[in-house]
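Visitor: give me coordinates for this.
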Amino acid sequence: MAEDPVFERAARFLSALRHCHVLGIKLHSASREGLTLELPFSPHIVGNPLTGIVHGGALTSLMDTACGMSTLCVLPQFEVCPTLDLRIDYMHAAMPNKAIYGFAQCYRVTPDVIFSRGFAYQDDPEHPIAHVVGTFMRLGDSARGIKRSGLTAAAQKP
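Guide: Residues are numbered from 1 along each chain as shown. Coordinates of the predicted model:
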């Protein structure tokens, strides 16, 4: 059986992100409903060496990447979609020596912006470490075509 095209696209995209290589982020699952990334525990992501608590920056990178990559689950073709805004509400610290999972899904797609939401968890998705919402600007050809359709010829020149 052929692999899911959404999973394949997400895996290909993830392999090109240098910060994900450095942090060890892996694709856990991906479908039209959203995707989940895995951030394995390592000494490199510890923010407090006395407690082993994971640095908030590593968690933010995980969730920004998950939300941004969730655009791959809903768009018919790849588009560059940089982060416009990202809000993370931390519920509690991640426990040391355990992987962290970041789930994200898109809940609204417009010609200009994609809206996503998600959560980070360790053992139980019902006990999240953090909740996240993000907005991402659409820069793909189809998005630009929609935005430029009402412009004059002079305004369309680069």
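
Visitor: list the contacts of the residue nearest to residue 95 when sequence neighbours are not counted.
Guide: Nearest residue to residue 95, sequence neighbours excluded (C-beta to C-beta, 6 or more residues apart in numbering): residue 122, at 6.0 Å. In this view, the C-beta of every residue, glycine as well, is placed from N, C-alpha and C. For residue 122, the contact set (C-beta atoms under 8 Å, 6 or more residues apart in numbering) comprises 94-95, 98-101, 129.

Visitor: want to throw those into TSV with pLDDT?
Guide: Below are the contacts of residue 122 laid out as TSV (pLDDT from 0 to 100):
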residue	pLDDT
94	92
95	91
98	95
99	97
100	98
101	98
129	96
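
Visitor: for PyMOL, write a command that selects the buried ones of these.
Guide: One line in PyMOL is enough to select the buried members of those, burial here meaning 16 or more other C-beta atoms under 10 Å:
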select buried, resi 94+100+101+129
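
Visitor: of the contacts of residue 122, closest to residue 47?
Guide: Proximity of the contacts of residue 122 to residue 47 (C-beta to C-beta) peaks at residue 94, which lies at 9.7 Å.

Visitor: so that closest one makes contact with residue 100?
Guide: Yes. Taking contacts as C-beta atoms under 8 Å, residue 94 lies within contact range of residue 100: 5.3 Å.

Visitor: what do those two both touch?
Guide: Listed as contacting both residue 94 and residue 100 by C-beta under 8 Å, 6+ apart are 54, 59, 120, 122, 129.

Visitor: buried ones in the longest helix anywhere in the chain?
Guide: Longest helix in the chain, counting residues (DSSP state H): helix 56-69. Within helix 56-69, the residues that count as buried by 16+ other C-beta under 10 Å are 58-69.
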